[in-house]
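Engineer: quick check, what structure comes out for this input:
(2 chains)
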Amino acid sequence: MIKEIINLISLWALPSVILIILTIAIFRKVPIYEAFIEGAKDGIKVCFNIIPYLVAIIVAVSMLRASGFIENISAALSGILIKIRLPADVLPLTIVRSLSGSAALGVFSDIISNNDINSYTSKLAAIMMGSSETTFYVLTVYFGAVGIKKYRYALLTGVCADFIGIIAAVAVARLFFS
Amino acid sequence: MNYIWYFLIVISIVFGAINGKLLDVAGAIFSGTELAVKVVLTLLGIMTFWLGIMKIAEKSAIVDFLSKLLKPLAKLIFPELPKDSPIIGDIAMNFSANALGLANAATPIGIKAMEEMQELNNDKESATNSMCTLLAMNTAGFQIIPATVIAILAANGCKNPTDIIVPTLMVTSIAFVCAIFLAKIFQKIFPPQKKNEVSSHD
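Structural biologist: Down below sits the predicted model:
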């Protein structure tokens, strides 16, 4: 029952947003086609502005992943982590999820194929996956689009919030699934 | 950002050497650039489409309506933005799109809000408090239903994939609220070098 409602919401979220906007606009006699073209032109400009920022950050993150650094860190910290019931398998996900969305998806798939899908480890990984956003990517794209080079405290805020998210995920997963 | 970028690259090279993966690290430079272009190409279509839709929303006063609706809340979270600014409507739509799991729609709308904030910014290279707050909201990744994760769990034979909804919502809400509070605390600790935002009181 819950599953069907979720599927229905997922299915209708996007079409209904578009339908509502277009319908209100038509009733208010907005020339929707011209307005669309006018707005869409900005999209091209914004995208080209982002390229240098994206290349800089995605290359650096790709290099970091290729270097094996994340595996080193996971191995070094695994002793402490078992004590707070953060399985060693999940640790790479806590680091990767802030850096790269596609990599996080890969790590998540690894975790659920190496562990029982109904286990605490898989559920914890799923909660982390569902509650995370790729902090580095978001900062790069948003600031890159408008040409901001000094992020001030934005990265610190994102990283701290990610860390709080990890702790909260472990706490909540222990409450619900262990 | 200069130091962070430097450290990402230095750590990669040093650990690549230690782990004997220097070849992979060098290869990652090229695969990274390729990936960046792929991301931009995907973004290009999405961005064009949603900024088009957003222009319609703006012209039909939907954005203004949302701005007025959320004025009291916005005054609290974004005190530096001018009263009745359409930026608040854009932020509201960015938040709603994120909450509904429509990341593709949320990004262009959020960038539109960033552009409007940049117009009010006197120091075009440095982020304003409002920008940092908006990004805190976005990096926290608030989402009502993690549809992608549920789909993956279901596809891999999970018996009750939907039982992660409530726990995930709890975690994401905690992170979201904390992110906003942290942004508010950090803005006092790291003030802008110049006074860089048009005040709402003049």
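Engineer: all contacts plus neighbour counts: C-alpha atoms, from now on.
Structural biologist: Fine.
Engineer: where does chain B have low pLDDT?
Structural biologist: Across chain B, residues meeting the criterion (pLDDT under 70) sit at B:194-202.
Engineer: repeat that with 80
Structural biologist: The model of chain B has pLDDT under 80 over residues B:1-2, B:83-84, B:100-104, B:141, B:193-202.
Engineer: low-confidence ranges, chain A, go.
Structural biologist: A:1-14, A:78-79, A:81-84, A:102, A:178.
Engineer: how near is A:Asp116 to chain B?
Structural biologist: 9 Å (C-alpha to the nearest C-alpha, to the nearest Å).
Engineer: sorry, wrong one. I was asking about A:Cys47.
Structural biologist: Going from A:Cys47 to chain B by C-alpha to the nearest C-alpha gives 6 Å.
Engineer: can you tell me the helix or strand for the nearest residue to B:Met170 once chain neighbours are set aside?
Structural biologist: In space, and not counting its chain neighbours, B:Met170 is closest to A:Val172: 7.7 Å by C-alpha to C-alpha, 6 or more residues apart in numbering or on different chains. Using DSSP states H and E, A:Val172 falls within helix A:154-177.
Engineer: in that helix, what's buried?
Structural biologist: For helix A:154-177, the neighbour count (16 or more other C-alpha atoms under 10 Å in any protein chain shown) marks A:154-155, A:157-174 as buried.
Engineer: how about stretch B:28-47?
Structural biologist: Applying 16+ other C-alpha under 10 Å to stretch B:28-47 flags B:28-29, B:31-33, B:35-37, B:40, B:43-44, B:46-47 as buried.
Engineer: before we move on, what about stretch B:58-70?
Structural biologist: Buried residues in stretch B:58-70, counting neighbours by 16+ other C-alpha under 10 Å, are found at B:Glu58, B:Lys59, B:Ser60, B:Ala61, B:Ile62, B:Val63, B:Asp64, B:Phe65, B:Leu66, B:Ser67, B:Lys68, B:Leu70.
Engineer: ok, and of the residues you listed, which contact chain A?
Structural biologist: Among the buried residues of stretch B:58-70, the ones lying near chain A by C-alpha under 8 Å from any C-alpha of the partner chain are B:Lys59, B:Ser60, B:Ile62.
Engineer: and the residue lying farthest from the centre of chain A, how far from B:Lys59?
Structural biologist: Ranked by distance from the centre of chain A (C-alpha atoms, centre = their mean), the top residue is A:Lys29, with 38.1 Å. A:Lys29 sits 10 Å away from B:Lys59, taking C-alpha to C-alpha, to the nearest Å as the criterion.
Engineer: ditto for B:Gln193
Structural biologist: 36 Å.
Engineer: what residues does the residue most central in space within chain A make contact with?
Structural biologist: In chain A, the residue lying closest to the centroid (C-alpha atoms, centre = their mean) is A:Glu133, at 2.6 Å. Shown in contact with A:Glu133 (C-alpha atoms under 8 Å, 6 or more residues apart in numbering or on different chains): A:Arg97, A:Ser98, A:Gly101, B:Asn138, B:Thr139, B:Ala140, B:Gly141.
Engineer: let's go with 6 Å and repeat that
Structural biologist: By C-alpha atoms under 6 Å, 6 or more residues apart in numbering or on different chains, the contact set of A:Glu133 is B:Thr139, B:Gly141.
Engineer: I would like the residues contacting whichever strand or helix holds B:Met137, please.
Structural biologist: According to DSSP H and E, B:Met137 maps onto helix B:129-139. With C-alpha under 6 Å, 6+ apart as the test, helix B:129-139 has contacts from A:Glu133, A:Thr135, A:Ala154, A:Gly158, B:Phe78, B:Ala179, B:Ala183.
Engineer: any idea how far A:Ser131 is from the residue nearest to the spatial centre of chain B?
Structural biologist: Using C-alpha atoms, centre = their mean, the residue of chain B that lies closest to the mean C-alpha position is B:Asn138, 3.2 Å off. For B:Asn138, the distance to A:Ser131 (C-alpha to C-alpha) stands at 12 Å.
Engineer: for B:Thr133, same thing?
Structural biologist: Separation of B:Thr133 from A:Ser131 (C-alpha to C-alpha) stands at 18 Å.
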